[in-house]
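Participant: Fold the following, please.
(chains A, B, C, D, E, F and G)
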Amino acid sequence: MKIKPLGDRVVLKAAEAEEKTASGIILTGAAKEKPQFAEVVAVGSGVVDGKEIKMEVSVGDKVIYSKYAGTEVKLGDEEYIVIKQEDVVGVLVD
Amino acid sequence: MKIKPLGDRVVLKAAEAEEKTASGIILTGAAKEKPQFAEVVAVGSGVVDGKEIKMEVSVGDKVIYSKYAGTEVKLGDEEYIVIKQEDVVGVLVD
Amino acid sequence: MKIKPLGDRVVLKAAEAEEKTASGIILTGAAKEKPQFAEVVAVGSGVVDGKEIKMEVSVGDKVIYSKYAGTEVKLGDEEYIVIKQEDVVGVLVD
Amino acid sequence: MKIKPLGDRVVLKAAEAEEKTASGIILTGAAKEKPQFAEVVAVGSGVVDGKEIKMEVSVGDKVIYSKYAGTEVKLGDEEYIVIKQEDVVGVLVD
Amino acid sequence: MKIKPLGDRVVLKAAEAEEKTASGIILTGAAKEKPQFAEVVAVGSGVVDGKEIKMEVSVGDKVIYSKYAGTEVKLGDEEYIVIKQEDVVGVLVD
Amino acid sequence: MKIKPLGDRVVLKAAEAEEKTASGIILTGAAKEKPQFAEVVAVGSGVVDGKEIKMEVSVGDKVIYSKYAGTEVKLGDEEYIVIKQEDVVGVLVD
Amino acid sequence: MKIKPLGDRVVLKAAEAEEKTASGIILTGAAKEKPQFAEVVAVGSGVVDGKEIKMEVSVGDKVIYSKYAGTEVKLGDEEYIVIKQEDVVGVLVD
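Facilitator: Next comes the predicted model:
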């Protein structure tokens, strides 16, 4: 069972607060704040009221998102964030 | 007696806070928060001021909705949420 | 003497907090909240700044409305709510 | 000396908190709130930034207005409310 | 030295809280509130981002303005209010 | 080193709280408030998202600005305000 | 690993609170406030919902930004701000 996001939303799976990447860099959320790194696990159609918004993020992208946005959801043991693409501020690239 | 939602609204029946699905996954709302899972029981026409908004959810869909939105209504013994489709953030799919 | 609502407003007469319908279902507002059920007693022209908004509710409809909206008015012994149609979230139907 | 309202505003003269109409009905504002009944004493041109807004109320109309809107003015011994027409929610009719 | 208001703004010189007009009527601001009567001393061009807004008030007009709007300025011994025309709610006329 | 303002912004250098002009008038900010007089030291291009906004103030103008707007910046020993032109309410002229 | 900003956002690396420039001027943020000077390290495509916004800042620019805007991110040992270009108020130029 999975979450299919509506419109221009994406589903994010929160990354661990501290995580070592392939290149050896350690990702951490700002101290004493909830982590802002997450992995995209589903992308909406981008259609909002008949107008199509280009979805720029893809499943598997590591992204940074605005911590004041989105709806937190717990499904089984996993925690997800369903968030509008406009509140995803950037993508981590090599 | 039923609620017919106006415009781009849908009527949701709050799902139990903990519920086992066919696939055996347990759905739970975030701890100490009101459950965010619900089942769509009625869908509005989608017409708002003469402009038609495509209704993407259907009766029977299990959905996740923004907990800060919608109007709670008690009709008989059941509790419902009447909410704009834009505040339904995702649909649960197999 | 009656209230003629302006623009896209309707006049509602608050239903009793508990009321048995023809089909025997008891309508109640959410506990400890003011009742959200009301009967439409007058409907505005729907014209707002020269643009016509389709009025979807009719006199006699039992409706559910957003409890944070509208202007409460006492005329004689009766209490009314004058409210924009967009704050009427649904209609009760058999 | 009178107040000429600008744009889509009207000037209201607050009606007494309790007033008997020709048909014998007593008008009262909601208890412990300021009265919401008033009489229209002047109507603006309706022109706002070159766009004409249809003025639907006329001098002499008894109206109900939103109590959180408008500018209160004391001119001589009389108190007036200068208010945008959109904040006049209804007209009292026989 | 004078203030030239920009765009759709006007400069007002606050009138005395109590002032006898030619017709003998005494103008007063609402008790315990700052006076809302003022005289227009300068009128902007009305051009806002290339769009021209019709300036309906003229130098010398006695006006009523919204007390929550505008920027108060002290120039020499005089106090002025620089305010957008939309926050001038009415003009005093004979 | 100087600040080049972006879009429809201007850079202001706060004028002294009390300053004697050529004509002998003393400029003062309202008592116990920060001074609202400033001199324009740089003007942006006026281009905002491809649309050109006419810049009506020029370098050297003495202006009055809304005290709740703008970003204060200290560069070397000087304090500046970078502010959108729409928050400059007027220009001082002889 | 780097941050690729989405849409009309830029990534800033906060400059030291006190920093001597080539011309010998010392840059400081306002006392007791977080520094507002930063260096642009990445610039987004400028495309927002299919509309292209001209990006006026370039990698390497020293900029001033609104301190109430943007998302702070810590990546490895460095702190970054991901911010919409409209919240960058100016560029430091020689």
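
Participant: Roughly how far does the residue with the shortest distance to the centre of chain A sit from B:Pro5?
Facilitator: Nearest to the mean C-alpha position of chain A, by Cα atoms, centre = their mean, lies A:Leu12 at 3.3 Å. Per Cβ to Cβ, to the nearest Å, A:Leu12 is found 29 Å from B:Pro5. Every residue, glycine included, has its C-beta placed from N, CA and C.

Participant: ditto for A:Ile53
Facilitator: 25 Å.

Participant: between those two, which one's more packed in?
Facilitator: Between A:Ile53 and B:Pro5, B:Pro5 has the larger neighbour count (other Cβ atoms under 10 Å in any protein chain shown), namely 26 against 18.

Participant: what about A:Lys74, how many neighbours?
Facilitator: 17.

Participant: what is the rounded mean pLDDT of the helix or strand where it lies?
Facilitator: Assigned by DSSP states H and E, A:Lys74 belongs to strand A:71-75. Strand A:71-75 comes out with an average pLDDT of 88.

Participant: With just CA atoms, put that strand into PDB.
Facilitator: The C-alpha coordinates for strand A:71-75 follow below in PDB (Å, rounded to 0.1, in the frame of the first residue of the first chain):
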ATOM      1  CA  THR A  71       1.500  17.000   5.900                       C
ATOM      2  CA  GLU A  72       3.200  14.300   7.900                       C
ATOM      3  CA  VAL A  73       1.800  10.900   7.600                       C
ATOM      4  CA  LYS A  74       2.600   7.600   9.300                       C
ATOM      5  CA  LEU A  75       1.900   4.500   7.100                       C
END
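
Participant: which secondary structure elements does whichever helix or strand comes after it contact?
Facilitator: Using DSSP H and E, the helix or strand that follows strand A:71-75 in sequence is strand A:78-84. With contacts taken as 3 or more Cβ pairs under 8 Å, 6 or more residues apart in numbering or on different chains; DSSP states H and E, strand A:78-84 sits against strand A:2-5, strand A:9-14, strand A:71-75.

Participant: Just give the number of residues close to the residue of chain A found nearest chain C.
Facilitator: Chain A approaches chain C most closely through A:Asp49 (15.9 Å), counting by Cβ to the nearest Cβ. Neighbourhood size, A:Asp49 [other Cβ under 10 Å]: 14.

Participant: I'd like to know how far the closest residue to it other than its chain neighbours sits from B:Gly46.
Facilitator: Spatially, and ignoring its direct neighbours in sequence, A:Asp49 is nearest to B:Ile53 (5.3 Å; Cβ to Cβ, 6 or more residues apart in numbering or on different chains). Remark: distance between B:Ile53 and B:Gly46 (Cβ to Cβ) = 5 Å.

Participant: Return every residue with contacts to both of the two.
Facilitator: Listed as contacting both B:Ile53 and B:Gly46 by Cβ atoms under 8 Å, 6 or more residues apart in numbering or on different chains are B:7-8, B:85.

Participant: Relative to chain D, which of these is nearest.
Facilitator: Nearest to chain D out of those is B:Gly7 (Cβ to the nearest Cβ; 20.4 Å).

Participant: where does chain A dip in pLDDT?
Facilitator: A:16-35 (pLDDT under 70).

Participant: Closest approach to chain F from it, which residue is it?
Facilitator: Nearest residue of chain A to chain F (Cβ to the nearest Cβ) works out as A:Glu86 at 15.9 Å.

Participant: so what's that residue up against?
Facilitator: A:8, G:7.

Participant: distance of the nearest residue to A:Val73 once chain neighbours are set aside from F:Glu52?
Facilitator: Nearest non-adjacent residue to A:Val73, counting by Cβ to Cβ, 6+ apart: A:Tyr80, 4.8 Å away. From A:Tyr80 over to F:Glu52 the distance is 44 Å, taken as Cβ to Cβ.

Participant: More neighbours: those two, which one.
Facilitator: Comparing A:Tyr80 with F:Glu52 by other Cβ under 10 Å, the one with more neighbours is A:Tyr80, at 23 against 12.

Participant: can you count the residues close to A:Ala82?
Facilitator: No, residue A:82 isn't Ala; it's Val. Close neighbours of A:Val82, defined as other Cβ under 10 Å, add up to 24.

Participant: Give the burial count for the closest residue in space to A:Val82 that isn't next to it in sequence, as a bare number.
Facilitator: Counting by Cβ to Cβ, 6+ apart, A:Val82 lies nearest to B:Val89, which is 4.3 Å off, once chain neighbours are set aside. Around B:Val89 there are 25 other residues, counting by other Cβ under 10 Å.

Participant: I'd say B:Val89 and B:Tyr68 touch.
Facilitator: No: the criterion here is Cβ atoms under 8 Å, and B:Val89 misses it with B:Tyr68 at 11.4 Å.

Participant: so, in contact with chain B or not, the helix or strand where A:Val63 lies?
Facilitator: In the assignment (DSSP H and E), A:Val63 maps to strand A:62-65. No: using Cβ under 8 Å from any Cβ of the partner chain, strand A:62-65 stays clear of chain B, coming no nearer than 14.1 Å.

Participant: ok, that strand near chain G or not?
Facilitator: Yes: on the criterion Cβ under 8 Å from any Cβ, strand A:62-65 is in touch with chain G at A:64-65.

Participant: what kind of secondary structure is the closest residue to chain E within chain A in?
Facilitator: Proximity of chain A to chain E (Cβ to the nearest Cβ) peaks at A:Glu86, 25.0 Å away. On the three-state scheme (DSSP: H, G, I helix; E, B strand; the rest coil), A:Glu86 is labelled helix.

Participant: My read is that A:Val73 contacts A:Glu79, right?
Facilitator: Yes: the criterion here is Cβ under 8 Å, and A:Val73 meets it with A:Glu79 at 7.3 Å.

Participant: Can I get the helices and strands packed on strand A:78-84 in JSON lines including distance to F:Val40?
Facilitator: Listed next are the helices and strands packed on strand A:78-84 as JSON lines, based on distance: least, Cβ to Cβ, whole Å:
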{"stretch": "strand A:2-5", "distance to F:Val40": "48"}
{"stretch": "strand A:9-14", "distance to F:Val40": "44"}
{"stretch": "strand A:71-75", "distance to F:Val40": "46"}
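
Participant: quick revisit: now for the strand holding A:Lys74, which elements pack on it?
Facilitator: strand A:78-84, strand B:62-65, strand B:88-93.

Participant: Looking at chain A, which residue is nearest chain D?
Facilitator: For chain A, Cβ to the nearest Cβ, closest residue to chain D: A:Asp49, 25.1 Å.

Participant: Just confirm that residue contacts B:Glu52, I think it does.
Facilitator: No: the pair A:Asp49 and B:Glu52 fails to qualify as a contact (Cβ under 8 Å) at a distance of 9.2 Å.

Participant: what's the closest non-adjacent residue to the residue of chain A positioned farthest from its centre?
Facilitator: The outermost residue of chain A, judged against the average C-alpha position, is A:Gly50 (23.9 Å), by Cα atoms, centre = their mean. Once flanking residues are discounted, A:Gly50 sits nearest to B:Lys54: 6.2 Å by Cβ to Cβ, 6+ apart.
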